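Peer 1: next input, structure requested:
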Amino acid sequence: MWETITNKKIWSGLIKNVAKDGSYYYFEATIFPILNYNNDIVEYISIRTDITKEMELQNDIIATQEEVLHTLGELGEWRSKETGDHVNRVSLFSELLARAYGCDEEKIKLLKMASPMHDIGKVIIPDSILLKPAKLTEEEMKIMKNHTTFGWEIFNKSKHNLLQAAALISHQHHEKWDGTGYPNNLTGEDIHIFGRITAIADVFDALTNDRVYKKAWKIEKTLEFIKSQKGLAFEPKLVDLLFENIDEILKIKSKYNK
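Peer 2: Below you'll find the model as predicted:
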């Protein structure tokens, strides 16, 4: 804003400010530099409209959407006899990795809100397969893999960015960097960054926690496996970022590990 108006141009935008009581208020403003005969700035004039109530309503809607998606994500985990902590951890791991990757704040927020839906398609998988405590047969595995497509079909008709992100994450979180994943054998950057990040976050959490078909792996074994999959299952940069931020990731794991 300052750069624009000191260059004698008009600035328009949204401003978030802090009131004396510590609360936030929002307004849309247009600021005009006033010039004298020598073309020097002598003062500024601002026209502004208070939109605090509108922004508070919008923030409430976003918070409600996030809570609904998170609850649906927990429903998917409940069906597979997992706790809601899994979706909490994957969401926070994804947020951390997205920020370290250099994603902008809007994408980070969208990923954090949508990633809990990565396994929502499992609500359609029969219990006999979803809860089987032994290795799945080839035919059972084919059915299990359909959860990615089911998740996509649940959300992809929506035009809302949040639900579109949920559809994309559900569809792509089992794709692999080298093209050996499913359901579409996507490779490299053809996999959306949301899918790539959620994939490594989900695998790290799944391996380090008990599941109906296995006991939790130790952290060291999990990291060895993820390192072995660098450039295969996972984007090399994301593997490096996971190792660089492992202390913060373990703090999240400890906090959300009931």
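
Peer 1: relative to residue 104, how far out is the residue nearest to the spatial centre of the chain?
Peer 2: In the chain, the centroid-proximal residue (C-alpha atoms, centre = their mean) is residue 111; its distance is 1.8 Å. Distance, residue 111 to residue 104, by C-beta to C-beta, to the nearest Å: 11 Å. Glycine gets a C-beta too; all of them are placed from N, C-alpha and C.

Peer 1: what's the answer for residue 92, then?
Peer 2: As judged by C-beta to C-beta, residue 92 and residue 104 stand 18 Å apart.

Peer 1: what part of this structure, helix or strand, is modelled with the least confidence?
Peer 2: helix 52-79 (a mean of 71; mean pLDDT, DSSP states H and E).

Peer 1: which residues touch residue 100?
Peer 2: 241, 244-245 (C-beta atoms under 8 Å, 6 or more residues apart in numbering).

Peer 1: what does the strand ranked longest in the chain contact?
Peer 2: Of all segments of type strand in the chain, defined using DSSP state E, the longest is strand 24-35. Applying C-beta under 8 Å, 6+ apart, the contact partners of strand 24-35 are 1, 5-6, 8-19, 41-52, 54-55.

Peer 1: for the residue of the chain positioned farthest from its centre, what is the enclosing helix or strand?
Peer 2: Distance from the centre of the chain peaks at residue 37, with 53.3 Å (C-alpha atoms, centre = their mean). Assigned by DSSP states H and E, residue 37 falls within no helix or strand.

Peer 1: let's see the pLDDT reported for it.
Peer 2: Listed pLDDT for residue 37 reads 88.

Peer 1: what is the neighbour count of the closest residue to residue 41 other than its chain neighbours?
Peer 2: Distance criterion C-beta to C-beta, 6 or more residues apart in numbering; nearest residue to residue 41, sequence neighbours excluded, is residue 33 at 4.8 Å. If you count neighbours by other C-beta atoms under 10 Å, residue 33 ends up with 18.

Peer 1: now residue 15
Peer 2: 14.

Peer 1: show me the contacts for it.
Peer 2: Residue 15 neighbours (C-beta under 8 Å, 6+ apart): 26-29, 48.

Peer 1: what does residue 215 give?
Peer 2: No contacts exist for residue 215 under C-beta under 8 Å, 6+ apart.

Peer 1: for residue 8, same thing?
Peer 2: So residue 8 contacts 33, 35, 39, 41 (C-beta under 8 Å, 6+ apart).

Peer 1: can you say which of those are buried?
Peer 2: residue 33 (16 or more other C-beta atoms under 10 Å).

Peer 1: which of the contacts of residue 8 sit farthest apart?
Peer 2: 33 and 39 (10.3 Å; C-beta to C-beta).

Peer 1: where does the stretch 151-258 of the chain have low pLDDT?
Peer 2: Judged by pLDDT under 70, the stretch 151-258 of the chain has its weakly predicted residues at 258.

Peer 1: need the helices for it, in chain order.
Peer 2: 161-172, 193-207, 219-228, 236-244, 246-255 (DSSP state H, counting those that start in this stretch).

Peer 1: now render those as JSON lines, adding distance to residue 115.
Peer 2: JSON lines is the format used below for the helices of the stretch 151-258 of the chain (distance: least, C-beta to C-beta, whole Å):
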{"stretch": "helix 161-172", "distance to residue 115": "6"}
{"stretch": "helix 193-207", "distance to residue 115": "5"}
{"stretch": "helix 219-228", "distance to residue 115": "18"}
{"stretch": "helix 236-244", "distance to residue 115": "14"}
{"stretch": "helix 246-255", "distance to residue 115": "13"}
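
Peer 1: looking at these, which is closest to residue 129?
Peer 2: helix 193-207 (16.6 Å).

Peer 1: circling back: direction included, what does the longest strand of the chain pair up with?
Peer 2: strand 11-18 (antiparallel), strand 41-50 (antiparallel) (DSSP bridges).
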